[in-house]
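Asks: Sequence first, then the predicted structure, then my questions.
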There are 6 protein chains.
Amino acid sequence: MSAEAAERRSPGRSFETLRVTPERDHVLHVELHRPEKRNAMNVAFWREMVECFQDISQDTSCRAVVISGAGKIFTAGIDLMEMGSDFLMVEGEDMARKAWNLRRKICEYQETFSVLEKCPKPVIAAVHGACIGAGIDLISACDIRYCTQDAWFQVKEVDIGLAADVGTLQRLPKIMGSQSLVNELAFTARKMMAPEAQSSGLVSRVFADKETLLQGALEVAATIAARSPVAVQGTKVNLIYSRDHPVSEGLRYVATWNMSMLQTEDILKSAQAAMEKKGPEDIPFSKLHCPTWPL
Amino acid sequence: MSAEAAERRSPGRSFETLRVTPERDHVLHVELHRPEKRNAMNVAFWREMVECFQDISQDTSCRAVVISGAGKIFTAGIDLMEMGSDFLMVEGEDMARKAWNLRRKICEYQETFSVLEKCPKPVIAAVHGACIGAGIDLISACDIRYCTQDAWFQVKEVDIGLAADVGTLQRLPKIMGSQSLVNELAFTARKMMAPEAQSSGLVSRVFADKETLLQGALEVAATIAARSPVAVQGTKVNLIYSRDHPVSEGLRYVATWNMSMLQTEDILKSAQAAMEKKGPEDIPFSKLHCPTWPL
Amino acid sequence: MSAEAAERRSPGRSFETLRVTPERDHVLHVELHRPEKRNAMNVAFWREMVECFQDISQDTSCRAVVISGAGKIFTAGIDLMEMGSDFLMVEGEDMARKAWNLRRKICEYQETFSVLEKCPKPVIAAVHGACIGAGIDLISACDIRYCTQDAWFQVKEVDIGLAADVGTLQRLPKIMGSQSLVNELAFTARKMMAPEAQSSGLVSRVFADKETLLQGALEVAATIAARSPVAVQGTKVNLIYSRDHPVSEGLRYVATWNMSMLQTEDILKSAQAAMEKKGPEDIPFSKLHCPTWPL
Amino acid sequence: MSAEAAERRSPGRSFETLRVTPERDHVLHVELHRPEKRNAMNVAFWREMVECFQDISQDTSCRAVVISGAGKIFTAGIDLMEMGSDFLMVEGEDMARKAWNLRRKICEYQETFSVLEKCPKPVIAAVHGACIGAGIDLISACDIRYCTQDAWFQVKEVDIGLAADVGTLQRLPKIMGSQSLVNELAFTARKMMAPEAQSSGLVSRVFADKETLLQGALEVAATIAARSPVAVQGTKVNLIYSRDHPVSEGLRYVATWNMSMLQTEDILKSAQAAMEKKGPEDIPFSKLHCPTWPL
Amino acid sequence: MSAEAAERRSPGRSFETLRVTPERDHVLHVELHRPEKRNAMNVAFWREMVECFQDISQDTSCRAVVISGAGKIFTAGIDLMEMGSDFLMVEGEDMARKAWNLRRKICEYQETFSVLEKCPKPVIAAVHGACIGAGIDLISACDIRYCTQDAWFQVKEVDIGLAADVGTLQRLPKIMGSQSLVNELAFTARKMMAPEAQSSGLVSRVFADKETLLQGALEVAATIAARSPVAVQGTKVNLIYSRDHPVSEGLRYVATWNMSMLQTEDILKSAQAAMEKKGPEDIPFSKLHCPTWPL
Amino acid sequence: MSAEAAERRSPGRSFETLRVTPERDHVLHVELHRPEKRNAMNVAFWREMVECFQDISQDTSCRAVVISGAGKIFTAGIDLMEMGSDFLMVEGEDMARKAWNLRRKICEYQETFSVLEKCPKPVIAAVHGACIGAGIDLISACDIRYCTQDAWFQVKEVDIGLAADVGTLQRLPKIMGSQSLVNELAFTARKMMAPEAQSSGLVSRVFADKETLLQGALEVAATIAARSPVAVQGTKVNLIYSRDHPVSEGLRYVATWNMSMLQTEDILKSAQAAMEKKGPEDIPFSKLHCPTWPL
């Protein structure tokens, strides 16, 4: 699908399980929005997340995203009522064929959260109440994590008989500062409260309640959105590249990346603004047309 | 050696330097057991650790392990009296031949702790008193680390003129949340006390004394052991894989892993138990026959 | 250039932007030394850092380094007045040729800080006041980081329209214990104060003021310098190797490294000293001739 | 899009630039089909290849593919008349924004050929006449390459001022047995005739003319299609994995892959057929539902 | 098991399926020796290969190995009569537990051929008649491959419904000069005759008949065995390392390897012999004690 | 050293062991030039190669290089008379310190040939007579290899008691199409004649004699030099990157590389020339300022 087609389609898009609201300049607020089901992730959700972030990736007016949960908690994780049979009753005429089918589904589910990482705009997760099971997979793929004082987190998968396979086990060890704690959480499915989430580095700020949380997250998003999209999105691309490569490879890649990006007018604009004692907010950066998702 | 042979041999096995005690359901307690020598690691120890965890890997009745030290401290590290000559008087008719011999020994010693990582059952290190030198190598290869308030840790190798070569330098940077601290410890051989061990993520819990430490560690082990061994051991396999690979490779591997593991009956059993408001403790999971060690 | 030639050249070398002072046994103190310009990094600095650490790498009398800033702050980062045009007015007859030129410059700038990592002697950064922009790139490439209570840190690059390309984005995620915080700092350019720097693992100690900071850093440097250079420098080589490789590769490398290094006399000397209740300070280790830089 | 939806859409699909014909059992023949334009690759082609192989990936009745060119030659490569402006007149308000746009286009073009690799069914390229420029990128992504005696090959990109960026430089060195020849072809854009293509391993068979070529390719395709799709497609997955990983990683991956695939009924069916002296052609293998593309 | 114990055990060892004969100086000839079963690989074989090469690895009097087949052909591959049930009737109470058991078996089988690669002494495969199925896995793990004019090779696995999982798919692409041919062989299970095996690089020499083949292989083995074992075995270690790593990593590893190995007396002995116009055959190299297998 | 300084220094540079001659447009001919010593590589050579290719990397008038040997053979390899003591009598007060010194030397020697790979201009090796020992390391680092009918090649290192450590073992397996042959050559030190060198892919053309060899090599160099330096040198950078990375990483890198390089005017110039039926020879490409070596 061409970039133009995608952009055309975007404005009129509405979702069953998500609510997307423009906030301040260049900031979008995405809410998990099945509050009556504690934002449990049903069939529609797994598809809509991909569509939603496909749109956002290409929406040149958006430069930062906050993701939160509507209602009492962030999310209860996968909707086992609706989704359980997906895994319990898989098609296929023998074990091997069932395995191919299961693998396809796992890969699709992984993609639902990997879109957060492939989207070049920074994504801030704002967690209140509880974040359970697949919710951990979701926030692990976000760039920044904040929460409320009463929030708790639970890697739930072992309790239902499986190893987490849509991101938690892959990303958590590279996100948190204590491998011992990561392992403990993954093996025991115990709850972790906000203070431990902060001291272990899972979240980088704790707020008093949901209101101040959202206000804080949106302010940080606005701060990010005010800066050069060439700088910010190039930073995201390279931070993720660096996480997955040796330092020498990371240095080589950013040099190759920046040999074009340093030719941007944003640097001159930023330098001039700085000399005139203006902040980045006052600089009219050009739109950055982002990659057709998936990259 | 066949799996059956190994399992036959296991029950009657006794060790000079280790004491293995069954605790609660599916939990083994392994004690470093040369209290009169501060659990210093002598020739027998390096061999027995391998045999012990070879047995444990294949013991289908064991699902989690706690490792602690008998006596006053966890371990004083390598027994230089008994082992020193191993490195100081190496055989070989020229430098190159000595080097081959040394390399062989280093690899054997590395294996003594890598068995902890290759064992698919989670291993919890419970440290009291002191953990010195090779003790750090040992606990770095465990999955979870707890300690007492009075515990201290010391990367001792530079004090005896060598770079640590059986795991500390390789695993510590991937375990703790401050590379600056890891480096400081490794370059200076200074002691680190329990609070700093916790704030830096080396240990994920601190207990008042040895008794509560063991009680706590065994409870966590029991919590783990109550869950599906397919889920827990698959989680360990994938957490270790993820530590050593980029996120995209980790995702691909777990998809390939789970295309068979999601066909387990443990998921259905767990789901049914959850609907009946039972905990995992009440589910009769089948035995999981583990890989012949070494994998 | 031969090692001998380099060593000859070293003693008489003096720098415009750096001041190098011998401190205690085997310790060098390198000061960023343009205090009237807040130690901003100008053209001379980028070249002199390389020359300075080339000398230090080969200076067999040096075994540990402390790097600090003269005057009120550690460093204000790149000297935009003097350096800005380097990036704003790059030569080349078309975009591609400009890109080659920019890439060359980026690689040269990267090298200015990579020398800290390639130098086999441990380098301790002692930060007071402020550490801004390229200052973060610099300290990220050091082995140990300390700071004063009033120190603050700022990843500044997005504010001037670019993704950081001389080390911050590559090394920070592997140094700190919270990826969420790393991302927040890099996307927002906000200041981080000393306590957060410590709790997140960027620095491993905080001191009351600059004087105690320098005293503390030099003491740790002296502690390191008193130990076997074969042990300490082999430890640095292997810690950096381990950061960038899977554990299994790190183990293989250190085994290959130590098959020669364990044949050092330093082990026997250290063992004998230990038996005689002497500390490493009392052992006369032989000089270790270090690699011609660049390695 | 769900697998079912895709499969529904497939039968009615027709292409402007491709012709897809069922041949023998389970074999599809895909022709590049703009003979009047020497099968030059225009805008429609780049999109249709993706759609076509998306369909084929999911078409459970297809087990092997032959790709050839209609008319006088295999392909003249990219249609510069129609596509040239794509690269010469790229949108974007400054160099950096143009670069983001170009990167997006390159990635899309890369995907056009990567689909051949992501399709789990083996793809045989049957080249007659000439295969130029992007044609080399295309056949490099196929599994097997055959050609006619009069065929020639040309890595054309340097002649139009660019480094090949849709697969040739990435895959050719891993396909052919002489890196010296690969480099020579890429630097000089000279033609390589069929005999050199065979002796260097680019093609594994040479046929007298187009008719025997197609007959030969279809026969091999039929041979492949007669075998267990679980075996054949698992073989493709693992051959590609092995190309890109060390041997030890390749062995670990195939063990994890086969722990489910060896539970297929195809092995028992194959074993029984062998005992009854039947060939694989006579075994009624079940359909293998393939991954929704993109994987 | 200690090195000494292993060496003691070695001389008296005899095998059911292998025959080991000392040939010339420092050369061992290992024959697959079930001629009446076309050297099909039964249960005993899979175990004995490991034991045999464990002995050889530690046998300091052996410096090179030739492996051939007794009777009419090299090997018919796996003994399906005896081994088939191993895969068709795997134990385990559910799919997941069967998968763990299968994975363990696959890993054990992989080890049977990986021992050839882990043995630091060069191994030459001398193939006559036919080399089928697991025979390809075996010779792929050897260092050098020769064959007779009438020899043929067959990657047989797809014919019995599975993807080859003990080395062929992992090693063949890195051994042969035509990926197209590798794929064709693996997908079709067709026979490849000696000339194509040679032109594609699978074998590096073709001999008239079995007698001249063995004579040729043993001569090359003797040539290798006459050279410094430090040089030859270090060469094998580094060739295998290089295959699996980027060039820069290969260079770094060999530098670290040779910093000890260049201190061997073998260099001086070789240099002196060269000045005295003697060949390596005349130099009395010291024994090189090899690593306890597995490394 | 700045790029300008280097370029200034270049014209007046003369070498003891090399002769550099401008040939045709944009082509340099580098001769190994100690014919009376069979171009044996002495102390001066190892340094001069680095200086020579440092100059060439920055010489914007040079776009391709041919390297050949003066006198009767290409090169006899290392000059053991002059260099032998370098390795036989290494300084250092104990084994470990000698090892550090040896490692430094090996790394320096490796660099002597790695410069050929780091130089972005294609380098063609033209081998006549013999190419022995370190000569193989040298040509392995070239991009294209040609030879005369009477040329022979010899991996000589095992004959003097060491594993080749300056490139042969690292690059040869990635250059030639038969791993079996590579291993045989490295283990036996036997001579390989021109026909086998060609059929195995080491060289891609064989010429009747030295005169036609040089003529042929210079013609190919001229063909390369006539093309866009942005295209050719970007091709070299990406071919080497691809050799050392998985295909997916190679694709990502070239997309990042070309997002700037496709903005070159060379594409438009090439397109226009093609429409006017001109060859690349007729296009006045701008100079491409190359990276200061080392990159």
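Replies: The structure has been received and is ready for your questions.
Asks: alpha carbons only for contacts and neighbour counts from here, please
Replies: Fine.
Asks: Residue A:45: neighbouring residues, count only.
Replies: Residue neighbour count, defined by other Cα atoms under 10 Å in any protein chain shown, stands at 23 for residue A:45.
Asks: Look up how far residue B:211 lies from it.
Replies: 48 Å (Cα to Cα, to the nearest Å).
Asks: for residue A:55, same thing?
Replies: According to Cα to Cα, residue A:55 and residue B:211 sit 57 Å apart.
Asks: Which of the helices or strands spans the residue positioned nearest the centre of chain A?
Replies: What sits nearest the mean C-alpha location of chain A, by Cα atoms, centre = their mean, is residue A:142, with 3.0 Å. Per DSSP states H and E, residue A:142 falls between elements, in no helix or strand.
Asks: The closest residue to residue A:75 other than its chain neighbours: what's it in contact with?
Replies: Take residue A:75 and drop its neighbours on the chain: the residue closest to it by Cα to Cα, 6 or more residues apart in numbering or on different chains is residue A:39, 4.8 Å away. Applying Cα atoms under 8 Å, 6 or more residues apart in numbering or on different chains, we find residue A:39 in contact with A:17, A:32, A:33, A:69, A:70, A:73, A:74, A:75, A:76, A:77.
Asks: ok, now with 6 Å
Replies: Residue A:39 sits next to A:32, A:33, A:75 when contact means Cα atoms under 6 Å, 6 or more residues apart in numbering or on different chains.
Asks: Which of residue A:55 and residue B:211 has more residues huddled nearby?
Replies: residue A:55 (23 against 12).
Asks: Could you tell me how far that one is located from residue D:109?
Replies: For residue A:55, the distance to residue D:109 - Cα to Cα - is 21 Å.
Asks: cool, residue A:134 as well?
Replies: In terms of Cα to Cα, residue A:134 sits 34 Å off from residue D:109.
Asks: and the two? which has more neighbours close in?
Replies: Shown here are residue A:134 and residue D:109; by other Cα under 10 Å, residue A:134 has more neighbours (26 against 17).
Asks: ok, the more buried one touching residue A:79?
Replies: No: in this structure residue A:134 lies outside contact range of residue A:79 using Cα atoms under 6 Å: 9.6 Å.
Asks: So what does residue A:223 look like in phi/psi?
Replies: The phi/psi pair for residue A:223 (degrees, to the nearest 10) reads phi -60, psi -40.
Asks: burial of it, as a residue count?
Replies: The tally of other residues near residue A:223 (other Cα under 10 Å) stands at 19.
Asks: Quick one, grab the pLDDT at it.
Replies: According to the prediction, residue A:223 has pLDDT 97.
Asks: check contacts around it.
Replies: Counting by Cα under 6 Å, 6+ apart, residue A:223 touches no other residue.
Asks: For the stretch 101-250 of chain A, which segments count as strands?
Replies: Secondary structure of the stretch 101-250 of chain A, counting by DSSP state E, counting those that start in this stretch: strands at A:123-127, A:130-132, A:144-148, A:152-154, A:191-193, A:205-207.
Asks: who wins for proximity to residue C:99 among these?
Replies: strand A:123-127 (30.2 Å; Cα to Cα).
Asks: Within its sheet, name the partner strands of that closest one and how each one runs.
Replies: When sheet partners are counted by DSSP bridges, strand A:123-127 sits next to strand A:64-69 (parallel), strand A:144-148 (parallel).
Asks: how much space is there between the residue lying closest to residue A:239 once chain neighbours are set aside and residue A:49?
Replies: Nearest residue to residue A:239 in three dimensions, chain neighbours excluded: residue C:169, at 5.5 Å (Cα to Cα, 6+ apart). Distance, residue C:169 to residue A:49, by Cα to Cα: 28 Å.
Asks: Those two: which has the busier surroundings?
Replies: Between residue C:169 and residue A:49, counting by other Cα under 10 Å, residue C:169 is the more crowded of the two (31 against 21).
Asks: ok, that one to chain D distance?
Replies: 19 Å (Cα to the nearest Cα, to the nearest Å).
Asks: With residue A:122 instead?
Replies: Distance, residue A:122 to chain D, by Cα to the nearest Cα: 17 Å.
Asks: thinking that residue is in contact with residue A:64, fair?
Replies: Yes: contact status for residue A:122 versus residue A:64: in contact at 5.2 Å, counting by Cα under 6 Å.
Asks: Among the two, which residue is more densely surrounded?
Replies: When residue A:122 and residue A:64 are compared for neighbours, residue A:64 comes out ahead with 29 against 25, by other Cα under 10 Å.
Asks: need the contact list for that one.
Replies: A:27, A:121, A:122, A:221, A:225.
Asks: ok, what's across the strand from it?
Replies: The partner residues for residue A:64, given DSSP bridges, come to residue A:27.
Asks: before we move on, back to that, export the strands of the stretch 101-250 of chain A as JSON lines, with columns for mean pLDDT.
Replies: Listed next are the strands of the stretch 101-250 of chain A as JSON lines, based on pLDDT from 0 to 100:
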{"stretch": "strand A:123-127", "mean pLDDT": "98"}
{"stretch": "strand A:130-132", "mean pLDDT": "98"}
{"stretch": "strand A:144-148", "mean pLDDT": "98"}
{"stretch": "strand A:152-154", "mean pLDDT": "98"}
{"stretch": "strand A:191-193", "mean pLDDT": "98"}
{"stretch": "strand A:205-207", "mean pLDDT": "98"}
